[in-house]
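take a look and give me a structure for this.
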Amino acid sequence: MHADANEALPLPPKVWVRDLKAGGKVQSLFQVTRIYLRDYEKGKFLSVRLGDKTGKISAILWDNAEEAYQTIREGDVVRVNCRVGHYKGEIQATLSSIQKVEDLSAINPSDFIPASAVPVEHLVEKFDELITSLNDADYRALLQEFRNDEALWARFQSAPAAKRWHHPYLHGLLEHTLFVVKLCRLIAPLYPEVNIDLLVTGAVFHDCGKMEELSYDSYIDYSTDGRLLGHLYIGAMIVDRLIHRLPTFPAAKRQQILHIILSHHGEVERSPVLPMTLEACLFHFIDNMDAQMAAVRREMNAVREENREWTGYVNLLNRFLYLGENPSREENNEEPQ
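This is a model prediction of the structure:
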């Protein structure tokens, strides 16, 4: 069926991914998060990943696959008719039709981008408490300058932390930032030589470039600057501009903060420089721990309600994940304290 064949039809009521059950027929709107044209013995079929703010589901289209592939792209909102079933132990939709929705005026973008389970007001309150907790007047002034910049702050508190891997939802960047700050405060006292205020300030700014690296108006994707420059460079530039507004900010402290930002990925293949200070080395390990654990927990929580012992194969980890048979397992979304 042509992608725009039924454009004049009224939009169907929204059915959430989390409510899809095997055996049901569904007509609803979803967003395309991945799309591939694949070969099989009788020709080609369309393999699609559909989603909304409640989750994602795999789908296939056997008929007119090449025609649909020419008109539908990642990020498009589509109207689908499908039957929901099981394939290899997972819910899958078999599509009878898929059409791109051209007129998005009646579409609510928040239906398709998930948001943090932690209320944003709570996250903002924790950030404000963080500023006043710093003992170092220079670092406190820098964080306050950041907080007072309405345009920067609006983007920072709204941004996701990633497109797919860790905290890939609205306010995810702020949530991730506060959690690594919490880890810094828990772990740093074990190493008396660490400057905790420097470590915490670096933690606040380490991923701030993601608010410009990613676009997230209706679909999380990379911006042009994000693809060409990357969030480490963008973040260092943001912080450098903030520091230049503070004429008495010490040059040595500027150097230390920028080093944490530019080195926090910890590998020459992923960072311009390797971590070379105590705080930069420690922060690299802390950041990686939260990012990896958040992703592992998300993969496990996605199948937890199905009482499965194993997740599907997680490509980014190159492994399956085992949930075990613990009857007391709960999602346990941790809030930054």
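
could you chop this protein up by domain?
Residue ranges for each domain of the chain read 17-101, 113-295, as given by automatic domain parsing.

tell me the secondary structure at Lys56.
strand (DSSP: H, G, I helix; E, B strand; the rest coil).

looking at it, it is touching Thr33, isn't it?
Yes: in terms of Cβ atoms under 8 Å, Lys56 counts as a neighbour of Thr33; the distance is 6.1 Å. All C-beta spots, glycine's among them, are computed from the backbone N, C-alpha and C.

anything in contact with each of the two?
Shared contacts of Lys56 and Thr33, defined by Cβ atoms under 8 Å, 6 or more residues apart in numbering, comprise Arg49, Leu50.

so which of these two has more stuff around it?
Residue environment comparison for Lys56 versus Thr33 gives the larger neighbour count to Thr33, 21 against 17, counting by other Cβ atoms under 10 Å.

what helix or strand is the more buried one located in?
With elements delineated by DSSP states H and E, Thr33 resides in strand 25-40, which encompasses its position.

using CSV, write out every CA atom in that strand.
Presented in CSV, the C-alpha positions along strand 25-40 are these (Å, rounded to 0.1, in the frame of the first residue of the first chain):
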residue,chain,number,x,y,z
LYS,A,25,-5.2,-6.8,15.7
VAL,A,26,-4.1,-3.2,16.0
GLN,A,27,-4.5,0.0,14.0
SER,A,28,-2.4,2.8,15.6
LEU,A,29,0.4,5.3,15.2
PHE,A,30,4.0,4.5,16.0
GLN,A,31,7.4,6.0,15.3
VAL,A,32,10.0,4.2,13.1
THR,A,33,13.2,3.8,15.0
ARG,A,34,14.9,1.4,12.6
ILE,A,35,14.1,0.2,9.1
TYR,A,36,15.8,-2.3,6.8
LEU,A,37,15.0,-3.9,3.5
ARG,A,38,16.0,-7.6,3.6
ASP,A,39,16.1,-10.5,1.2
TYR,A,40,14.3,-13.8,1.5
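
just the buried residues of it, please?
Under the neighbour-count criterion of 16 or more other Cβ atoms under 10 Å, strand 25-40 has Val26, Ser28, Leu29, Phe30, Gln31, Val32, Thr33, Ile35 buried.

now the element after that strand, going C-ward?
Counting by DSSP H and E, the next helix or strand C-terminal to strand 25-40 is strand 43-52.

report the distance from that following strand to the chain centre.
On the basis of Cα atoms, centre = their mean, to the nearest Å, strand 43-52 sits 22 Å off its chain's mean C-alpha point.

just the helices from the chain, written as ranges.
Assigned by DSSP state H, the chain shows helices spanning 65-71, 120-133, 137-148, 150-158, 172-187, 196-205, 210-213, 224-229, 231-244, 251-263, 278-304.

relative to Phe45, which of those is closest?
Across the helices of the chain, the minimum distance to Phe45, taken as Cβ to Cβ, is reached by helix 65-71, at 5.0 Å.

packing partners of that closest one?
Using 3 or more Cβ pairs under 8 Å, 6 or more residues apart in numbering; DSSP states H and E, the elements in contact with helix 65-71 are strand 25-40, strand 43-52.

need those strands in JSON lines with mean pLDDT and distance to Lys182, can you?
As requested, the helices and strands packed on helix 65-71 are arranged in JSON lines below (pLDDT from 0 to 100; distance: least, Cβ to Cβ, whole Å):
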{"stretch": "strand 25-40", "mean pLDDT": "91", "distance to Lys182": "30"}
{"stretch": "strand 43-52", "mean pLDDT": "92", "distance to Lys182": "29"}
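
and Leu316, which of the ones you listed is closest to it?
The stretch from the helices and strands packed on helix 65-71 with the least distance to Leu316 (Cβ to Cβ) is strand 25-40; that distance is 13.6 Å.

report the angle between the closest one and strand 43-52.
Between strand 25-40 and strand 43-52, the angle formed by their directions is 140 degrees, by axes from the mean of the first three to the mean of the last three Cα atoms, to 10 degrees.
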